[in-house]
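**Student:** mind looking at a prediction? Sequence and model below.
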Amino acid sequence: MRAIVCREYGPPSALVLSELPDPQPGPGQVLVRIHAAGVNFVDALLIGGSYQIRIPPPFVPGGDCAGTVIATGAGVTDFAAGDRVLVSPGIGAYAELITLAPVQLARMPANMDFAGAAVFLQANATAYFALVNRGTLKADETLLVLGAAGGTGAAAIQVGKALGARVIAAASSAAKLEACRALGADVLIDYASQDLRAELKAATGGRGVDLVFDPVGGALAEPALRSCAENGRYLVIGFASGEIPKLPFNLPLLKSCQVVGVDWGGFARRHPEAGRAVTDAVLALYAQGRLSDPPLAHYPLERTAEAIADLAARRIAGKCVIDVAPEPSGHRP
């Protein structure tokens, strides 16, 4: 099979398109032919050796994918050849084939295609887990989404709206904010040209926001935390800016708010049944038409390094998808 291999830590340009032996499903495993793989910011961190979890090279990166089951090992009864599935394996998605445990797989809704499925799970499950499990979002509360045009930010807009929140989207350009408007954001803030704190004060009548969804970190963190309402919750998702902020701990005291860490991947690994409930919830929202695909930039497998670099440099609004293998005809109702 063809696969993208990280042979040593470095920039995306160091990735190598290689031929690897085809994997075979062992007992209790499922073999999936990958049709599409999603690109995430964490991929750049993993191949650069700068993520919190270091995976020793060589390895095949890629945390999200969708495809078709082509074989099962002994003892597998939940899936059969021909099933259309999506999964977030963490690594291994930038390849034509992958073996997985059945518990990792989820069936795709009938109205979802492989490209949309490949970029769906990690972003939307992170958003749902953050807003519901960690942030206890209630209908009619005000949600601020930083980095709102990115993959997890766009998912947070849609999940927040599906849950009945008033959503304020903050991004770094007018074009990105137009994409946020299309996703249903109620208020738009360009933090490259506007004062974030002043705009939030105006948008909330001075009350502040109930929930902050922050995958960015850096210089935006403190003004966003200062803009929390009483009993607000500040959700720490990640640090796409490259800077881990150092927040004054007197602020949660003075604001009577909480700073809450969100680790969807770790939670799903430690609590697979609860993780499956989150997966089922976001797939149900999609099947009901309450979540939709973000704008997609398509790249072939041989241009995976370029896709990772473009996403990491924020040259894309929406998500990147790697078209690993042609999609069978007859799908996407």
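**Tutor:** Yep, that arrived.
**Student:** contacts for stretch 202-212?
**Tutor:** 131, 135, 137-138, 141-144, 146, 165, 168, 187, 189, 200-201, 224-225, 227-235, 255 (CB atoms under 8 Å, 6 or more residues apart in numbering). Every residue, glycine included, has its C-beta placed from N, CA and C.
**Student:** stretch 296-314 now?
**Tutor:** Against stretch 296-314 from outside (CB under 8 Å, 6+ apart): 2, 4, 11-15, 17, 39-41, 43-44, 47, 62, 94, 96, 115-116, 119, 150, 172, 240, 316, 318-324.
**Student:** filter these down to the buried ones, PyMOL style.
**Tutor:** Selection of the buried residues among these in PyMOL, burial being defined by 16 or more other CB atoms under 10 Å:
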select buried, resi 4+12+15+39+40+41+43+44+47+62+94+96+115+116+119+150+172+240+316+318+319+320+321+322+323+324
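**Student:** residue ranges for the strands of the stretch 1-150 of the chain, please.
**Tutor:** Along the stretch 1-150 of the chain, counting by DSSP state E, counting those that start in this stretch, strands occupy 2-5, 16-19, 30-39, 64-72, 84-87, 97-100, 106-107, 142-145.
**Student:** now, of the contacts of stretch 202-212, which are buried?
**Tutor:** By 16+ other CB under 10 Å, those give 131, 135, 137, 141-144, 146, 165, 168, 187, 189, 200, 224-225, 227-229, 232-235, 255 as buried.
**Student:** which of these fall in helices?
**Tutor:** Counted as lying in helices by DSSP state H, out of these, are 200, 224-225, 255.
**Student:** tally of neighbours for Val16?
**Tutor:** When neighbours are defined as other CB atoms under 10 Å, Val16 has 12 of them.
**Student:** what about the residue nearest to Gly318 when sequence neighbours are not counted, distance to Ala287?
**Tutor:** Closest residue to Gly318 apart from its sequence neighbours, by CB to CB, 6 or more residues apart in numbering: Pro295 at 3.2 Å. Separation of Pro295 from Ala287 (CB to CB, to the nearest Å): 21 Å.
**Student:** and stretch 295-312, end to end?
**Tutor:** Distance across stretch 295-312, first residue to last, is 16 Å (CA to CA, to the nearest Å).
**Student:** and it, average pLDDT?
**Tutor:** The average pLDDT within stretch 295-312 is 94.
**Student:** now it, how far from the chain's geometric center?
**Tutor:** 15 Å (CA atoms, centre = their mean, to the nearest Å).
**Student:** how about that stretch: buried residues?
**Tutor:** 296-297, 299, 301, 303-305, 307-312.
**Student:** wait, the residue nearest to Gly318 sits on Leu183?
**Tutor:** No. The pair Pro295 / Leu183 is not scored as a contact, 9.5 Å apart, by CB atoms under 8 Å.
**Student:** one step back: want to throw the buried residues of stretch 295-312 into JSON lines with secondary structure?
**Tutor:** Rendered in JSON lines, the data for the buried residues of stretch 295-312 read as follows (DSSP: H, G, I helix; E, B strand; the rest coil):
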{"residue": "Leu296", "secondary structure": "strand"}
{"residue": "Ala297", "secondary structure": "strand"}
{"residue": "Tyr299", "secondary structure": "strand"}
{"residue": "Leu301", "secondary structure": "helix"}
{"residue": "Arg303", "secondary structure": "helix"}
{"residue": "Thr304", "secondary structure": "helix"}
{"residue": "Ala305", "secondary structure": "helix"}
{"residue": "Ala307", "secondary structure": "helix"}
{"residue": "Ile308", "secondary structure": "helix"}
{"residue": "Ala309", "secondary structure": "helix"}
{"residue": "Asp310", "secondary structure": "helix"}
{"residue": "Leu311", "secondary structure": "helix"}
{"residue": "Ala312", "secondary structure": "helix"}
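**Student:** and the end-to-end length of stretch 310-318?
**Tutor:** 11 Å.
**Student:** typo on my end, stretch 38-55
**Tutor:** 19 Å.
**Student:** sorry, back to before: lowest-confidence entry in the ones in helices among the buried ones among the contacts of stretch 202-212?
**Tutor:** At the low end of pLDDT for these is Lys255, which has 92.
**Student:** that residue and Leu200, how far apart?
**Tutor:** 13 Å.
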